[in-house]
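sequence-free structure coming up:
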């Protein structure tokens, strides 16, 4: 199977688009601007791909797969995409302190991506553009698959433990129900409970003050002495 150097650029474009999708899914852990930066890098790679094809058609670049200029442009772009994958993994592990997430990301994304890219690059360099699935290629792909499987298994195991601990904690410490505040009921002398009267209830009667002329002040001592 023959490959062109532009295949590595296509691989880098796919990696940038995949990183844009992952950064959108991990928006709580990663800055929101990363997905737009990855999309911009993918657009730049697509533009460079058309420029390389135009240079090949005009004779600036050679048409052979082993043309060094085309090869190194594609390798630099692919290396930039792999560096972003590795940097994203380190950001999750050392900056965000999400060790479990960083380990899972490393096993499911970083290691398979890097090893698959190395497989195609080494096969291209060793065979001059022909990719053959020999013993070394099968070994690289097998190791990457094994590491991905172990990472996914470890992540699912940690997730199951956390779910079990959370459910056990909720069962042992149930949330307290709000207690209703009630006033003690008082009983009258005949054993009947009087109806509760709220503050907003209007009484059916009004207390009127008595007439003032019915009250007489008691004479003082001076008045009593004057009369005598």
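Nice, I can see it. As the structure is a computational prediction, the values presented were derived from the model and not from experiment.

would residue 31 count as being in a strand?
No - secondary structure of residue 31 (DSSP: H, G, I helix; E, B strand; the rest coil): coil, not part of a strand.

count the neighbours of it for me.
Residues near residue 31, counting by other C-beta atoms under 10 Å, number 11. In short, each C-beta sits where N, CA and C put it, glycine included.

now the one 4 residues further on
For residue 35, the neighbour count with other C-beta under 10 Å is 19.

for it, give its distance to residue 82.
18 Å (C-beta to C-beta, to the nearest Å).

where in the protein is pLDDT low?
1-3, 127-134, 136-137, 140-141, 144-145, 148-149, 151-160, 162-163, 173-228 (pLDDT under 70).

strands of that one, residue ranges please.
In the chain, no strands are defined using DSSP state E.

all helices of it, in order?
6-25, 33-58, 68-90, 99-105, 111-127, 135-172, 221-227 (DSSP state H).

and the fifth one, what's buried?
It stands for helix 111-127. 111-115, 117, 119-121, 123-124 (16 or more other C-beta atoms under 10 Å).

I'd like the residues you listed written out as a markdown table, with distance to residue 40 added.
Shown next, in a markdown table, are these (distance: C-beta to C-beta, whole Å):
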| residue | distance to residue 40 |
| --- | --- |
| 111 | 26 |
| 112 | 24 |
| 113 | 20 |
| 114 | 22 |
| 115 | 27 |
| 117 | 21 |
| 119 | 28 |
| 120 | 25 |
| 121 | 24 |
| 123 | 30 |
| 124 | 27 |
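
quick check: the farthest pair among those residues?
111 and 124 (20.4 Å; C-beta to C-beta).

and the buried residues of helix 111-127, which is closest to residue 27?
For those, the nearest to residue 27 is residue 113 (20.9 Å; C-beta to C-beta).

between the two ends of stretch 119-139, how far is it?
One end of stretch 119-139 to the other measures 10 Å (C-alpha to C-alpha, to the nearest Å).

the chain should start at 35 in everything you say after this.
All set: I'll call the first residue 35, so the last point we hit is now stretch 153-173.

quick check: residue 177 touching residue 150?
No - assessed by C-beta atoms under 8 Å, residue 177 is found out of contact with residue 150, at 11.1 Å.

who are the neighbours in contact with the residue lying closest to residue 103 once chain neighbours are set aside?
Of all residues not flanking residue 103 in the chain, residue 95 sits nearest, at 5.7 Å (C-beta to C-beta, 6 or more residues apart in numbering). Counting by C-beta atoms under 8 Å, 6 or more residues apart in numbering, residue 95 makes contact with 86, 89, 101, 103-104.

which ChimeraX command selects the buried ones in those residues?
Buried members of those, defined by 16+ other C-beta under 10 Å, are picked up in ChimeraX with:
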select :86,89,101,104
